[in-house]
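[1] Got a predicted structure plus its sequence, pasted below:
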Amino acid sequence: MRKIFKRFLPHHESVHGNRWLRPFAGTLLHPRLWHLNRHSAAGGIAVGLFCGLIPGPFQMLGAAICCVFLRVNLPLALFTTLYTNPFTIVPLYLVAFELGRLVLGDGSATFVSPPEFDGGQLLAWVEAMAHWALALGKPLGVGLVLLAALLAASGYAIVRAGWRYYLVRAWHARRARHRTASSS
């Protein structure tokens, strides 16, 4: 599994070379933030899934801060936050709103459709999206936290189970190769 992840993730040398990140190199170059094992990978995925639902452009910043405190894989967490984008954010917020409404028992709250993106005026659309999200209120806030926690927990469990499955298969394959080599 490590080989698969390492193929796509940046190396810590890229932080050294980036002039904007150089002041934080002491913190961001901690070996546990870049080490790739089943604990750090699962934690990085969980952090990325949780922080991916942070509204606005603070998703990666939130993920980086959480990675520093939890000492999980930073590149995986940053990459995982990208599951939220202009195409997925509205369905995710709809699910979060319904989840919050279900938990709060607030049947009077109604979902209002989001503002349309016409292809221009990106800043105006982002501002309209922020006003739209704030107008949805308490059910959306509670639902976002619950959905983020559910996604993080399930992502953590899936990565841990997948890593374990991969290791067990590798052990069995190694044992089978060893048996055939010793019997011949």
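    Yep, that arrived. Residues are numbered from 1 along each chain as shown.
[2] for the protein, what's the longest helix?
    helix 122-183 (DSSP state H).
[3] Distance from it to the middle of the chain?
    Computed by Cα atoms, centre = their mean, to the nearest Å, the chain-centroid distance of helix 122-183 equals 7 Å.
[4] That one packs against which elements?
    Secondary-structure packing of helix 122-183 (3 or more Cβ pairs under 8 Å, 6 or more residues apart in numbering; DSSP states H and E): helix 38-51, helix 89-104. Heads up, the C-betas are built off the backbone N, CA and C, glycines and all.
[5] Contacts only, for the spatially most central residue of the chain.
    The centre of the chain sits closest to residue 48, judged by Cα atoms, centre = their mean, with a distance of 2.0 Å. By Cβ atoms under 8 Å, 6 or more residues apart in numbering, the residues touching residue 48 are 63, 76-81, 83, 155.
[6] Determine which two of those are furthest apart.
    Farthest apart among the contacts of residue 48 by Cβ to Cβ are 78 and 155. That separation is 14.4 Å.
[7] where in this structure is pLDDT low?
    1-31, 107-109, 184 (pLDDT under 70).
[8] gap between the residue nearest to the centre of the chain and residue 54?
    Distance of residue 48 to residue 54, computed by Cβ to Cβ, to the nearest Å: 11 Å.
[9] what does residue 90 give?
    Distance from residue 90 to residue 54, by Cβ to Cβ: 16 Å.
[10] ok, now residue 71?
    20 Å.
[11] for residue 66, same thing?
    For residue 66 relative to residue 54 (Cβ to Cβ), the value is 10 Å.
[12] and what of residue 118?
    Residue 118 is 26 Å from residue 54, by Cβ to Cβ.
[13] Between these two, tell me which one has more neighbours.
    More neighbours surround residue 54 than the other of residue 118 and residue 54, with 17 against 8 (other Cβ atoms under 10 Å).
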